[in-house]
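# quick one: sequence and predicted model below, then my questions.
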Amino acid sequence: MQRYSLEAPTTPNHISLLDLDITSIIGDIRDLEKLNKTFEEYKPDIVFQPLVRLSYENPIETNVIGTLKVFEACRQNNVKAIVNITSDKAYENKEWIWGYRENDPMGGYDPYSSSKGCADLLANSYRNSYFNKKKLIILY
């Protein structure tokens with residue numbers, strides 16, 4: 001198993017404390033050339049795109065541009081599955097007591113929230129444009 005991320009900002013950190021048997025590749029998801037080289041070398045079948053702390057500090061670059069580059073690397077390298085971890089912040093805040101659903105209105109009162117909505121729209125457009133919808137199982 002491999003992990004592709006920026007260098008952990010603290011010592012100790014969760015990755016080192018968990019002592020997992022994984023290969024850590026230090027890189028920025030906005031660097032499409034390095035992403036493609038990493039995908040070519042490790043040939044991942046499944047890619048998880050998680051929420052990261054940097055996305056609060058630089059939402060457009062991380063959540064929009066970074067997500068787009070991860071999806072593009074997945075497309076170019078025939079990745080079989082992408083798990084895009086989103087946020088309830090992508091949805092219009094109705095102060096409901098239940099969780100939001102994919103068919104709820106998108107919204108966002110701040111750049112972070114709007115950028116998470118953009119990432120969800122990118123995920124949907126890549127699924128519709130490049131991935132075989134007949135073979136996809138979509139869980140809600």
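Looks like it arrived, so ask away.
# from here on, just use CA atoms for contacts and neighbour counts.
OK.
# phi, psi of the nearest residue to Gln76 once chain neighbours are set aside?
Leaving aside its sequence neighbours, Gln76 sits nearest to Asn36 (Cα to Cα, 6 or more residues apart in numbering; 7.8 Å). Torsion angles at Asn36 (phi, psi; degrees, to the nearest 10) stand at phi -60, psi -40.
# what's the burial count for Asn36?
The local packing of Asn36 (other Cα atoms under 10 Å) involves 19 other residues.
# what residue is smack in the middle of the chain?
Gln49 (2.7 Å; Cα atoms, centre = their mean).
# distance of the closest residue to that one other than its chain neighbours from Glu95?
Closest residue in space to Gln49, ignoring its immediate chain neighbours: Asn84 at 4.8 Å, by Cα to Cα, 6+ apart. Distance of Asn84 to Glu95, computed by Cα to Cα, to the nearest Å: 24 Å.
# who has more neighbours out of these two?
Set Asn84 next to Glu95 and count neighbours by other Cα under 10 Å: Asn84 wins out with 17 against 7.
# so that one touches Ile46, yeah?
No - assessed by Cα atoms under 8 Å, Asn84 is found out of contact with Ile46, at 10.6 Å.
# contacts only, for Ala90.
Met106, Gly107, Gly108, Ser113, Ser114, Ser115, Lys116, Gly117, Cys118, Asp120 (Cα atoms under 8 Å, 6 or more residues apart in numbering).
# surely the fifth one is within a strand?
No - Ser114 sits outside any strand when classified using DSSP: H, G, I helix; E, B strand; the rest coil, being helix.
# wait, a helix at Glu41?
Yes - Glu41: assigned to a helix according to three-state DSSP.
# can you tell me how far it is from Ser87?
30 Å.
# for these two, indicate the residue with more neighbours.
Shown here are Glu41 and Ser87; by other Cα under 10 Å, Ser87 has more neighbours (15 against 9).
# so that one sits against Lys116, correct?
Yes - contact criterion Cα under 8 Å: Ser87 and Lys116 qualify, at 6.7 Å.
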